[in-house]
Each structure stands twice: as C-alpha cells, then as structure tokens.
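>>> One predicted model, sequence on top.
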Amino acid sequence: MADPTGIDTTRPSIARAYDVVLHGKDNFEVDRAFVAEIVKVVPEIYDVAAYNRQMLGRGVRHLVGQGVTQFLDLGSGLPTVENTHQVAQRADPLARTVYVDNDPMVLAHGRALLADNDRTAVLASDLRDPAAILADPRLQRLIDLDQPVAVMLVGILHHLHDDEDPRGIVKAYMDAVPSGSHLFITHFCASSQDARDAERKFLALLGTGRFRTPEEITAFFDGFELLEPGVVPLPLWRPDGPVPGTLTVGQRLMYGGIARKP
C-alpha cells in the first residue's frame, strides 16, 4: 500500500529496483520479485548495474579532469557507494552536485546523506519538467547556469517512453547550459534477443524500459561533440583495465557516451 510518505510498496519502483541490483537495502519484496523476473532473461543483471556504476565513476572523473565542477544528476536513484558528488568531490572538493529524482525514498535518504554537505542537494522533482527544475532556487543556489554543467542522464532515459519526447527533454536541459557543458548518457540497448526479451519484461512488470538501438541512443547526442570512443557498450568506454575481446549479453546490455556542447 502507499504510506503517508508517498512510498508505494505494491508496485516496483525504478529507483528501488536499481537499489536491489546494487545490493542495497532500501527496497521491498515487490522490487526484489521484479528483479528476479529480469534475472530469468538476463542472468547478468547485477553485473550490468555494476558496469553502469563504474561508468558513472569514470565519466565523472573525466569531466572533472576537463574542468567541469557542476553536475546535474537527473533520475539519480537511491544513494549508494560512489555517488556522483563523492566521485566529483574526491577529484575537486569544490565540485557541486544537484540530484533529481521523483521517488520519495530517494528524497528521504538523499537528504539524510547530504545533511552535512553544503555543495550538494537533492530535489524531489520529475526530470520530465526541465523548466521547473532549472528554475528551482535550490538548484540555482548551487549550479551557475552561465558556467559549464555536466547534465547526467545515467540509466534513466530508457524509462521515458517515445511519446514523452525524451529527445526534447534532453534538448531543453542542454539549451539551458553554456558551451563547454557536457551530456552524459547511459541507456539500455536492444543489442541482442535477450535484451529484447528483457525489454518485454520491463514493460510488462514495471511499465517502463525502452531498449533503444545504438543509433537511437547516439541520436540523443546530435549537435554535440561526442568524446572518443563514442557511444559504446559500457565496459568499452575508457576502461580502467583490459576488457575481453568478446562481450557477453550483459556487457552489451547498456551503451553510453559523453559529448561536449560546442
């Protein structure tokens, strides 16, 4: 049932399901049951979550190395280890991060985690409303929209249906940030029959989960300068060590990339 905080324990949530595969504790039986169904078609789904988290770390470190110190993490999910602000502030203690998620558990846990970090905030907002988020005083306190911003949509755009205009949403955020800003996306990819089977499970049980083709994912970066190696399976994006010559279904389940706004 839905409790007074707005947490619905009768249906799986995106944030809590991601928490399950990251071996977190902020989830319910309905979320664990959903993940168990996904495991039936993609046994590596827990590894996929790890690949996504590792790419987040590599991407944020690279961006700080390029002088980017402002991060807008949209659809951030529940706080876990190696969050965006932790990675960024380790590289530059002055880095600022605003997290955005519409899951009430994210708000509660995020605020507790960030109580003593005045360079980080969490907004309980829907990323599908860029105008409201960009105008929020809590964002404007931390993010100077006249300076480069990393707009992060890590593992979230596949939860927007085509009729929700995900490309238009991305454009709205990128239109609001200046030259030198970066767009950082990871996304489920229709890279195999197993991936397409997983998409059917996501849509049937969660109601979202659009596995797009590499070409569709790359199209989100139209108009921007894609960094090498482009949009690729996550383990191939600037890996910290050697990667196998042949990737598994799980290693190809998500693609990602980062691009610079000229």
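Done, it's in.

>>> Compute the distance between the closest residue to residue 130 other than its chain neighbours and residue 262, please.
Spatial nearest neighbour of residue 130, excluding adjacent residues (CB to CB, 6 or more residues apart in numbering): residue 172 at 3.9 Å. Where C-beta positions appear, they are placed from N, C-alpha and C, glycine not excepted. Between residue 172 and residue 262 the computed distance is 18 Å (CB to CB, to the nearest Å).

>>> And these two? Which one has more around it.
Ranked by neighbour count (other CB atoms under 10 Å), residue 172 and residue 262 place residue 172 first, with 16 against 9.

>>> so which strand or helix has the more buried one?
Per DSSP states H and E: residue 172 is located in helix 166-175.

>>> for the next helix or strand after that helix, packing partners?
Using DSSP H and E, the next helix or strand after helix 166-175 towards the C-terminus is strand 182-188. With contacts taken as 3 or more CB pairs under 8 Å, 6 or more residues apart in numbering; DSSP states H and E, strand 182-188 sits against helix 45-65, strand 150-154, helix 166-175, helix 193-205, strand 254-260.

>>> now these as CSV including distance to residue 17 and mean pLDDT?
As requested, the helices and strands packed on strand 182-188 are exported to CSV (distance: least, CB to CB, whole Å; pLDDT from 0 to 100):
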stretch, distance to residue 17, mean pLDDT
helix 45-65, 10, 96
strand 150-154, 15, 98
helix 166-175, 19, 98
helix 193-205, 9, 94
strand 254-260, 15, 98
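
>>> These into TSV, with extra columns for distance to residue 245?
Output for these, formatted as TSV (distance: least, CB to CB, whole Å):
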stretch	distance to residue 245
helix 45-65	17
strand 150-154	26
helix 166-175	33
helix 193-205	20
strand 254-260	18
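
>>> Which one, of the ones you listed, ends up nearest to residue 220?
helix 166-175 (5.4 Å; CB to CB).

>>> Tell me the helices and strands packed up against the closest one.
helix 130-135, strand 150-154, strand 182-188.

>>> now what about the helix holding residue 172, what contacts it?
Applying CB atoms under 8 Å, 6 or more residues apart in numbering, the external contacts of helix 166-175 come out as 72, 74, 127-128, 130-131, 134, 151, 153, 157, 160, 181, 183, 185, 219-220, 224, 261.

>>> What separation do you get for the closest residue to residue 209 other than its chain neighbours and residue 38?
Excluding the flanking residues, the one nearest residue 209 by CB to CB, 6+ apart is residue 202, at 2.5 Å. To residue 38, residue 202 is 7 Å away according to CB to CB.

>>> Which secondary structure elements does the worst-scoring helix or strand of the chain on mean pLDDT sit against?
Counting by mean pLDDT, DSSP states H and E, the chain has its least confident helix or strand at helix 104-113, which shows a mean of 75. Packing partners of helix 104-113 (3+ CB pairs under 8 Å, 6+ apart): helix 14-21, strand 96-101, strand 120-124.

>>> The nearest residue to residue 113 once chain neighbours are set aside: neighbour count?
In space, and not counting its chain neighbours, residue 113 is closest to residue 79: 4.7 Å by CB to CB, 6+ apart. Using other CB under 10 Å, residue 79 has 24 neighbouring residues.
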